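1. Fold the following and give me the result.
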Amino acid sequence: MASSSDPTTAAAKMAPWHAPNPDSVSHDVGLRIMNSLTREKNRFVTMGGGREVYWYMCGPTVYAPSHMGHARTYLGFDIIRRILSDYFHYDVNLIMNITDIDDKIIDRAAEQGIACEELSRKFEQEFHEDMQLLGVSPPN
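-> Down below sits the predicted model:
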């Protein structure tokens, strides 16, 4: 019997992916993207069929200074965002969360003898400053 951490079990419980199917497509630029869930290349179509792209991206958990992994991740996504907007003329609405409370933050704040909010606000501000220094466009 497969364990609950077995990736084949997790995939079997996942709901199937359905491609966007708008009534009409007014902005088709011929872009195809790799769907990591289905392992197929799919035509890039927005939910509404137009230029509006709604993009949710996980942000950092702010318990320590930003590092090269953050830089690589957010620079890479910024490049994709700029290609979508500047080259393919999509209107990209990017939403990014900041995880400002979790076990790592609680533990680090306790180690430093400060409130969780103080710790997370400090590193959130530093993260935004670092991304600005790298030229990463902020979320909408």
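2. Can you give me the pLDDT of residue 9?
-> In this model, residue 9 is scored at 55, pLDDT.
3. Use 460 as the first number from now on
-> Yep, numbering from 460; the last one is residue 468 now.
4. residue ranges of the helices in this structure, please?
-> 466-472, 527-541, 562-571, 575-593 (DSSP state H).
5. Any chance of those helices in CSV with distance to residue 484 and mean neighbour count as columns?
-> C-beta coordinates here come from the backbone N, C-alpha and C atoms, glycine included. Below are the helices of the chain laid out as CSV (distance: least, C-beta to C-beta, whole Å; neighbours: other C-beta atoms under 10 Å):
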stretch, distance to residue 484, mean neighbour count
helix 466-472, 30, 9
helix 527-541, 21, 14
helix 562-571, 43, 14
helix 575-593, 33, 16
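6. What's the local residue count around residue 595?
-> Number of residues near residue 595 (other C-beta atoms under 10 Å) recorded here: 21.
7. Quick check: beta-bridge partners of the most centrally placed residue in the chain?
-> Nearest to the geometric centre of the chain sits residue 516, at 1.9 Å (C-alpha atoms, centre = their mean). Beta bridges link residue 516 to residue 555, judged by DSSP bridges.
8. returning to what we had before: and the helices of the chain: which comes nearest residue 599?
-> helix 527-541 (10.3 Å; C-beta to C-beta).
9. other SSEs contacting the closest one?
-> Here helix 527-541 touches helix 575-593, going by 3 or more C-beta pairs under 8 Å, 6 or more residues apart in numbering; DSSP states H and E.
10. From the chain's centroid, how far away is the helix it packs on?
-> With C-alpha atoms, centre = their mean, to the nearest Å as the basis, helix 575-593 stands 17 Å off its chain's centre.
11. What is it packed up against?
-> If you count contacts as 3+ C-beta pairs under 8 Å, 6+ apart, helix 575-593 packs onto helix 527-541, helix 562-571.
12. Arrange those in JSON lines, one row each, with mean pLDDT and distance to residue 503 as further columns.
-> Below are these laid out as JSON lines (pLDDT from 0 to 100; distance: least, C-beta to C-beta, whole Å):
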{"stretch": "helix 527-541", "mean pLDDT": "96", "distance to residue 503": "11"}
{"stretch": "helix 562-571", "mean pLDDT": "96", "distance to residue 503": "35"}
